[in-house]
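K.L.:
For reference, the sequence and a predicted model appear below.
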Amino acid sequence: MPAPEYSFLDDVNKSFDKAAQLTNWDKGILQQIKACNSVYRMRFPIKRDNGTIEVIEAYRVQHSQHKSPCKGGIRFSEFVNQDEVMALASLMTYKCAIVNVPFGGAKGGIKINPKNYSVYELEKITRRYTSELIKKNFIGPGIDVPAPDYGTGEKEMSWIADTYLSLRPGEIDALGCVTGKPVSQGGVRGRKEATGLGVFFGIREVCNMPEVMDKIKLPLGIEGKKVVVQGLGNVGYHTAKFFREHDAKVIALAEYEGAIYNADGLNEEDVFQHRNKTKSILNFPGATNITNTADALELECDILIPAALENVINAENAPRIKAKIVGEAANGPCTPDADEIFAKKGIVCVPDMYLNAGGVTVSYFEWLKNLSHVRYGRLEKRFTENLNAHILSQIEELSGKKVSELERNFIHHGPEEVDLVHSGLEETMITSTREIIDVWHSNPAITDMRTAAFVSAINKVATTYVELGIFP
Ligand code: NAD
């Protein structure tokens, strides 16, 4: 939980300034890149199920319009405030630049704990929030495109889409007003797991780099690595799933109410079902309870994945972190003070603004699908299958040998939507990791991956501004 004096935005800007001084851009350009362009703070009333009226506090921040539309999730949390939404919107601009997704950054937040509201109340709040955005021209497929974030998911996105569609009849690309929708409402297959899968791809790429792994004295690859995950929500659950499926051991999972540990590894789906049933992650069969959940962050492990909220690793607990790699699946989990301590301890921190970009990358694919009005794979799947079958039959005929049934099915298979989405995400994460590592190694003054990522983002955004002729 953020302390009152904590400013997430100050932390983001501190990291920005540290990187900016390593670039040659004009001071004015840097100031423009850093500034949040538009902040919409709203209050609106809703009638609760018990008949009382409650005033809801909400925000939408558009950090940058250097590319259109702006893009960023909507958070439902009792800790939402303007500073937090501005920080998250800023990170979105840098994130999109790093992974070459042609959007400006934005973010939204509604200051509620969704657990305290009925589904009907949540629907009313989401729909009213959407109509406020429409009134002020703060949403639209070419303007600003929200997505899920902490406390929201497919359900809220389909309410947003439906509200937009009903208030903008006849707008042919209206479904592109929001991403993270259910597949039945214009969503794309592969969006739900995208952020977690992107985290996995990003960390796997780092673990395959001899120059990085030699420094932290870890063997190459994911297999056998001990992983601790904080937060068993959308991002944490899928991150844990992909690590486990690739033979890493998820030795601890931490939630709100406590954490659990098992040196032989935990299965996230079983833990998720246990938590659903008992309303707590604790007392999972075969695991040891850790009652103070924050202690899980300090466990001996190879990879630590904070996937809950910001400011969970700071000057106070960073000295006790024992992981060799910290993968920021959440936005802003480590403060700049923690970064300095990591640098001294030789811990590699893989930064949020690129590591958790899987969500926005696949949201970009969803938006393109909505604009093109065609499912990925529809045009090429059958053609590819026929071609593959023909090539295989020629090879078998010429060689006089037959491949196994398993291989035949694998070779025949034409791409489904989910195959293309996962492969586009893998390509994006691998390319971005290499780009950041190249920037890191190109300048000895860059001491960590976050600074390298910021330098890369600043260079790309500044170049766009100059190319647009905004700064002649
Ligand atoms: P979520 O609401 O699905 O899950 C978050 C989980 O964290 C919840 O289960 C919650 O109980 C748990 N949690 C909260 N405080 C905790 C604490 N102190 N210790 C342990 N667990 C705690 O949210 P999400 O979508 O998974 O988002 C998590 C983080 O990832 C956020 O920082 C978000 O901004 C970031 N992120 C999300 C996406 C996305 O596609 N959903 C994309 C990029 C970044």
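P.N.:
Thanks, I have it.
K.L.:
Do stretch 137-154 and the ligand come into contact?
P.N.:
Yes - figure legend: stretch 137-154 in contact with the ligand (C-beta under 6 Å from any ligand atom); contacting residues 148, 149, 150, 151. No exception for glycine: its C-beta is placed from N, CA and C like everyone else's.
K.L.:
okay, how far is it across that stretch, tip to tip?
P.N.:
With C-alpha to C-alpha, to the nearest Å applied, stretch 137-154 spans 23 Å between its terminal residues.
K.L.:
One more: stretch 289-302?
P.N.:
With C-alpha to C-alpha as the measure, the ends of stretch 289-302 fall 20 Å from one another.
K.L.:
Buried residues in that stretch, which are they?
P.N.:
Counting neighbours by 16 or more other C-beta atoms under 10 Å, one finds that the buried residues in stretch 289-302 are 290, 293, 295, 296, 297, 298, 299, 301, 302.
K.L.:
is it anywhere near the ligand?
P.N.:
Yes - for stretch 289-302 and the ligand, the contact criterion (C-beta under 6 Å from any ligand atom) is met by residue 293.
K.L.:
Among the residues of stretch 137-154 next to the ligand, which one lies nearest to residue 417?
P.N.:
Using C-beta to C-beta, residue 148 is the member of these that lies nearest residue 417, at 19.0 Å.
K.L.:
ok so, going back, which two in the buried residues of stretch 289-302 are spaced the farthest apart?
P.N.:
By the measure C-beta to C-beta, 293 and 302 form the most distant pair in the buried residues of stretch 289-302, at 20.3 Å.
K.L.:
Surely residue 146 forms part of a strand?
P.N.:
Yes - counting by DSSP: H, G, I helix; E, B strand; the rest coil, residue 146 falls inside a strand.
K.L.:
got the residues of stretch 137-154 next to the ligand as a markdown table, with neighbour count and secondary structure columns?
P.N.:
As requested, the residues of stretch 137-154 next to the ligand are exported to a markdown table (neighbours: other C-beta atoms under 10 Å; DSSP: H, G, I helix; E, B strand; the rest coil):
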| residue | neighbour count | secondary structure |
| --- | --- | --- |
| 148 | 25 | strand |
| 149 | 24 | coil |
| 150 | 23 | coil |
| 151 | 22 | coil |
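K.L.:
Among those, which one sits closest to residue 249?
P.N.:
For the residues of stretch 137-154 next to the ligand, the nearest to residue 249 is residue 150 (26.7 Å; C-beta to C-beta).
K.L.:
dump the residue contacts of the closest one.
P.N.:
Shown in contact with residue 150 (C-beta atoms under 8 Å, 6 or more residues apart in numbering): 73, 75, 76, 77, 233, 309.
K.L.:
Sort out for me which of these are in strands.
P.N.:
The strands, defined by DSSP state E, take in 73, 75, 76 from those.
K.L.:
Cross-check the residues you listed against the ligand and keep the overlap.
P.N.:
Near the ligand, taking C-beta under 6 Å from any ligand atom as the test, the members of the ones in strands among the contacts of residue 150 found are residue 73.
K.L.:
residues contacting the closest residue to residue 240 other than its chain neighbours?
P.N.:
Taking C-beta to C-beta, 6 or more residues apart in numbering as the measure, residue 240 lies nearest to residue 268, with 4.0 Å between them; neighbours along the chain are not counted. For residue 268, the set of contacting residues under the criterion of C-beta under 8 Å, 6+ apart consists of 229, 232, 237, 240, 241, 244, 250, 253.
K.L.:
The fourth one - that's part of a helix, no?
P.N.:
Just to be clear, that refers to residue 240. Yes - Residue 240 sits within a helix when classified using three-state DSSP.
K.L.:
what is the mean pLDDT for stretch 403-421?
P.N.:
The predicted model gives stretch 403-421 an average pLDDT of 96.
K.L.:
and that stretch, is it in reach of the ligand?
P.N.:
No - among the residues of stretch 403-421, none lie within reach of the ligand under C-beta under 6 Å from any ligand atom; the closest is 13.8 Å away.
K.L.:
list the buried ones in that stretch?
P.N.:
The neighbour-count criterion (16+ other C-beta under 10 Å) identifies 414, 415, 416, 417, 418, 419, 420, 421 as the buried residues of stretch 403-421.
K.L.:
Tell me the one of those residues nearest residue 319?
P.N.:
The closest of those to residue 319 turns out to be residue 421 (C-beta to C-beta; 40.5 Å).
K.L.:
In contact with the residue nearest to residue 140 when sequence neighbours are not counted: list those residues for me.
P.N.:
What sits nearest to residue 140 in space, not counting adjacent residues and going by C-beta to C-beta, 6+ apart, is residue 177, at 5.6 Å. For residue 177, the contacting residues are 139, 140, 141, 145, 160, 161, 164, 165, 168, by C-beta under 8 Å, 6+ apart.
K.L.:
which ones among these are found in helices?
P.N.:
Here DSSP state H is the test, and the contacts of residue 177 give 160, 161, 164, 165 as lying in helices.
K.L.:
Tell me the one of those nearest the ligand?
P.N.:
Each of the ones in helices among the contacts of residue 177 was checked against the ligand using C-beta to the nearest ligand atom; the closest is residue 160, at 14.7 Å.
K.L.:
Would you mind confirming that the closest one makes contact with residue 126?
P.N.:
Yes - in this structure residue 160 lies within contact range of residue 126 using C-beta atoms under 8 Å: 6.3 Å.
K.L.:
Those two: who's more crowded?
P.N.:
For residue 160 and residue 126, the more surrounded residue by other C-beta atoms under 10 Å is residue 160, and the numbers stand at 26 against 22.
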